[in-house]
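Asker: Here you go, sequence then predicted model.
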Amino acid sequence: MENPLKIAQQNQVITELSKSAWKNIAPFWPLENLIACNPLQGFENLPFKEALKKASAYFEQENLPKEIEEINRQTIKWCQAFFDQGQATIKMPNRHLGFYRSWLPLAQFDNRLHKNSAAKIKQISLLPNLAEEAIAYCLSELNVEKNKQEKLLTLMLTTLSGWASYVKYLGEWKCDDAKNDNNQIDYLAVRLAITLLIWDDAKNLFSWHEKIAPEIKSEIAEIEKNEKIYQKDLVQKLLISSKSKSEKNTKT
């Protein structure tokens, strides 16, 4: 049996890592509220151009690894079931337990996750009951170094930013339901567990992110170059126009 103090300390570390990752997500707001939010939330400490480059690299959606696309499909499926607001004919059971604990006993019946693999089904049975412990377990099974754990959690959020934004809105702004308080940590636990089942080489997400970062910078550099060309052309036109008016006034 593991030391309860050690488990408590580990859970605290996971909670802090989760909070840091969620800082980069701007909350979703329903259109009826018309609340403006900063899309660069979490990057405010950086100069604007650097914030734009970093955020663009994290929130890149066009060239996601195929494994992440499948992880996204499965995450969306379960998010739709848990966060349903009465549209579903059959409600997801035990939603009062929170996203992770209501998902866990049902995961064994989802062959899209385990592909009827005995090893994957066993892996589901080994997942801890608590979300914080599940996150720590998945990070360990994925062999993610401690200094990269926060980055992976952040990428888990930014590669499906729409649902992450909605979960953040529920947890931090829609305060009419106490069960929303743990949605953020639960969402990360479910997302990481699905990742572990579908892509056990998820550390490759780091190399993907490192690859697209310079591509994003190159695109922004091209935009800046075109902007300078436009500005130069505009200045020349204004100078010519000003000179023409000046000559006309002189003749007059």
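Answerer: Noted; the coordinates are in hand. Residues are numbered from 1 along each chain as shown.
Asker: Just the residues contacting stretch 93-102, thanks.
Answerer: 82, 92, 105-106, 129, 131, 134, 179, 182-183, 185-187, 189-190, 193 (Cβ atoms under 8 Å, 6 or more residues apart in numbering). (C-beta placed from N, C-alpha, C; glycine too.)
Asker: One more pass at 6 Å, please.
Answerer: With Cβ atoms under 6 Å, 6 or more residues apart in numbering as the contact definition, stretch 93-102 has outside contacts at 82, 131, 182, 186, 189, 190.
Asker: Output the below-cut-off pLDDT ranges for the stretch 151-252 of the chain.
Answerer: Counting by pLDDT under 70, the stretch 151-252 of the chain has low-confidence residues at 174-181, 213-222, 245-252.
Asker: can you give me the helices for it?
Answerer: All helices of the stretch 151-252 of the chain, identified by DSSP state H, counting those that start in this stretch, fall at 161-172, 183-198, 204-251.
Asker: winner for burial among these?
Answerer: Counting by mean count of other Cβ atoms under 10 Å, helix 183-198 has the highest mean neighbour count of the helices of the stretch 151-252 of the chain, with a mean of 25.
Asker: Can you name every helix or strand that it contacts?
Answerer: helix 4-22, helix 66-82, helix 99-107, helix 131-141, helix 161-172 (3 or more Cβ pairs under 6 Å, 6 or more residues apart in numbering; DSSP states H and E).
Asker: One more pass at 7 Å, please.
Answerer: helix 4-22, helix 66-82, helix 99-107, helix 111-114, helix 118-126, helix 131-141, helix 149-158, helix 161-172 (3 or more Cβ pairs under 7 Å, 6 or more residues apart in numbering; DSSP states H and E).
Asker: What is the burial count for the residue lying closest to residue 165 once chain neighbours are set aside?
Answerer: Nearest residue to residue 165 in three dimensions, chain neighbours excluded: residue 28, at 3.7 Å (Cβ to Cβ, 6 or more residues apart in numbering). Using other Cβ atoms under 10 Å, residue 28 has 18 other residues around it.
Asker: Just to check, residue 28 is in contact with residue 163?
Answerer: No: using Cβ atoms under 7 Å, residue 28 is not in contact with residue 163; the gap is 8.7 Å.
Asker: ok, so what distance separates the residue nearest to residue 165 from residue 170?
Answerer: 9 Å (Cβ to Cβ, to the nearest Å).
Asker: Going by secondary structure, residue 84 is in what exactly?
Answerer: Under DSSP states H and E, no helix or strand contains residue 84.
Asker: Would you list the phi and psi of it?
Answerer: phi -50, psi 140 (degrees, to the nearest 10).
Asker: list the contacts for it?
Answerer: Residue 84 sits next to 91, 92 when contact means Cβ atoms under 7 Å, 6 or more residues apart in numbering.
Asker: related to what we said a few turns ago, which among the contacts of stretch 93-102 gets closest to residue 64?
Answerer: Among the contacts of stretch 93-102, residue 190 lies closest to residue 64 (Cβ to Cβ), at 18.5 Å.
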